[in-house]
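> One predicted model, sequence on top.
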Amino acid sequence: GFKMGIVGLPNVGKSTLFNALTRTAAAQAANFPFCTIEPNVGEVAVPDLRLDRLAKIAQSRQVIPTRMTFVDIAGLVKGASKGEGLGNQFLANIREVDAIAHVLRCFEDDDVTHVEGRVDPVADADTIETELIIADMESLEKRLQNIVRKVRGGDKEAIQQERLMKQALAVLETGQPARVVKVDAEDAKAWRMLQLLTSKPVLYVCNVDESEAASGNAHSEAVAKMAAAQGNSHVVISAKIEEEISQLDPDEAEMFLSELGLEEAGLDRLIKAGYELLGLQTYFTVGPKEARAWTIRKGTLAPQAAGVIHGDFEKGFIRAETIAYDDYVSLNGEQGAKDAGKMRSEGKTYLVQDGDVMHFLFNT
Ligand code: GDP
């Protein structure tokens, strides 16, 4: 599954948000209890109205949403890269995630201490990024030394790694994150293997007060500007609202949201933004037993999409009977789609589309 790491300075609302996200009724509904893997790791059901619609048509007995994992990564403070709190556990946690949700304090509250004594989310973002840049530089310098011998020995992989590491270092030394480096397709895998903290895509999460969740405020606007200039995205969320919603049942939550002038819970917007950021999409498997959603990257071919369900599906892939979501709904299910000639038989080179309803045929 895909993992988002929640980072930010202390007291910005990370834990409040994490706890709310992983305890919300939506996360627990749909036969998919939130599961605590570790105290700081939680899985959330990805809300998708399409899945409910498909399940209704097929009268599926079970509805199983796809999941996204959130990791609450505490321990980032100014000076962290000099050993003040940035432990190995922290680094391991953050290296593992696919993307970073960077929570920024955009609320004023004299009762909640700010580590720098003032609310300035743009400066905070810079503080954290600087720590991550320094951490990346240090790990690269170490790793460059470690592969010197292999490079001298003519090891092709080491030579490629060294080239990429030097490219990253050159950028980091100018105070920019590694994600600004343009990487060729043939280097993409080796680049990912470097697991640089600042090469992960970032989503800024502006944590605003309840009364400003719909409108945002001057702080969140400053973040929006910064994010746009960097080519990153942002969402405006009130962790406090999410905390309250997490204690309501879905109907109550909807009423509460509309009173606040909000169409969607923060969780929904955060996950949507995360999908966008990671280039993810969903396909479905639908039958009387269950309707289920699966997450893949955009650009995934049918066999690899099947592999998300089970490795054998990919290995023995023959073909995929495929119905587009809109056809499935408008023709009232599989039989209707079949009768209308809208069930396609797709082979190994089929590029799976968002919302496809798929049935895989495979050799065992
Ligand atoms: P963390 O250190 O980043 O995990 O921050 P916490 O989630 O523990 O929050 C720190 C404090 O700020 C707690 O007392 C929260 O209740 C409070 N807090 C979080 N979000 C908001 C908010 O949007 N408005 C206000 N006024 N307080 C908040």
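Done, it's in.
> Quick check: which helices or strands does the longest helix along the chain pack against?
When the chain is parsed with DSSP state H, its longest helix is helix 121-152. Here helix 121-152 touches helix 88-96, strand 99-105, helix 156-172, helix 218-230, going by 3 or more CB pairs under 8 Å, 6 or more residues apart in numbering; DSSP states H and E. Any C-beta I mention is one placed from the backbone N, CA and C, and that applies to glycine too.
> could you redo the last one with a cut-off of 7 Å?
Helix 121-152 is packed against strand 99-105, helix 156-172, helix 218-230, with contacts defined by 3 or more CB pairs under 7 Å, 6 or more residues apart in numbering; DSSP states H and E.
> of all the ones you listed, which lies closest to the ligand?
Judged by CB to the nearest ligand atom, the one of the helices and strands packed on helix 121-152 that comes nearest to the ligand is strand 99-105, at 6.4 Å.
> The protein against the ligand: which residues are in contact?
Proximity of the chain to the ligand, by CB under 6 Å from any ligand atom, involves residues 8, 10-16, 107, 109, 112, 207, 209, 238-240.
> just the buried members of these?
Using 16 or more other CB atoms under 10 Å as the burial test, these include 8, 12, 13, 14, 15, 16, 107, 207, 238, 239, 240 as buried.
> ok, back up a step: buried ones in the longest helix of the chain?
Counting neighbours by 16+ other CB under 10 Å, helix 121-152 gives 121, 124-125, 127-137, 139-140, 147, 151 as buried.
> thinking again about what came up before, now, which of the residues of the chain next to the ligand sits nearest residue 49?
Minimum distance to residue 49 across the residues of the chain next to the ligand is 23.0 Å, recorded for residue 238 (CB to CB).
> Now do the contacts for the closest residue to the closest one other than its chain neighbours.
Nearest non-adjacent residue to residue 238, counting by CB to CB, 6 or more residues apart in numbering: residue 213, 4.0 Å away. Contact analysis of residue 213 by CB atoms under 7 Å, 6 or more residues apart in numbering lists 236, 238, 241, 260, 262.
> what residues go with each domain of this protein?
Domain assignment for the chain by automatic domain parsing gives 2-277, 299-362.
> rank those domains by pLDDT, which is bottom?
Mean pLDDT per stretch puts domain 2-277 lowest among the domains of the chain, at a mean of 87.
> Please compute how far it lies from its chain's middle.
Chain-centre distance of domain 2-277: 7 Å, with CA atoms, centre = their mean, to the nearest Å.
> how long is it end to end?
Start and end residues of domain 2-277 are separated by 12 Å (CA to CA, to the nearest Å).
> quick one: residue 342 is in a helix?
No: counting by DSSP: H, G, I helix; E, B strand; the rest coil, residue 342 is not found in a helix; it is coil.
> ok, it to the ligand distance?
47 Å (CB to the nearest ligand atom, to the nearest Å).
> swap in residue 360?
Residue 360 is 42 Å from the ligand, by CB to the nearest ligand atom.
> So what pairs up with that residue in the strands?
residue 320 (DSSP bridges).
> List the residues that contact it.
306, 313, 317, 320.
> Am I right that the last one is in contact with residue 350?
Yes: with contact taken as CB atoms under 7 Å, residue 320 and residue 350 are classed as touching, separated by 6.4 Å.
> who's more crowded, the two?
More crowded of residue 320 and residue 350, by other CB atoms under 10 Å: residue 320, with 25 against 19.
> give me every residue that touches that one.
Going by CB under 7 Å, 6+ apart, residue 320 touches 302, 306, 346, 350, 358, 359, 360.
> Now rank the residues you listed by neighbours and give me the top one.
residue 306 leads the contacts of residue 320 on contacts (other CB under 10 Å) with 28 neighbours.
> can you pull the buried residues of stretch 170-187?
Using 16+ other CB under 10 Å as the burial criterion, the residues of stretch 170-187 that qualify are 171, 172, 177, 178, 179, 181, 183, 187.
> and which of these is nearest to residue 162?
Using CB to CB, residue 187 is the member of the buried residues of stretch 170-187 that sits closest to residue 162, with 12.1 Å.
> Now the residue nearest to residue 238. Its backbone dihedrals?
phi -60, psi -40 (degrees, to the nearest 10).
> With residue 18 instead?
For residue 18, the backbone dihedrals (degrees, to the nearest 10) come out as phi -60, psi -50.
> for it, what are its contacts?
Shown in contact with residue 18 (CB under 7 Å, 6+ apart): 6, 42, 70, 72.
> Now for these: which two are most distant?
Using CB to CB, the contacts of residue 18 reach their maximum pairwise distance at 6 and 42, which is 10.0 Å.
> Give me the common contacts of these two.
Joint contacts of residue 6 and residue 42 (CB under 7 Å, 6+ apart) are 18, 70.
> what's the burial count for residue 348?
When neighbours are defined as other CB under 10 Å, residue 348 has 12 of them.
> for residue 162, same thing?
Using other CB under 10 Å, the number of residues around residue 162 comes to 17.
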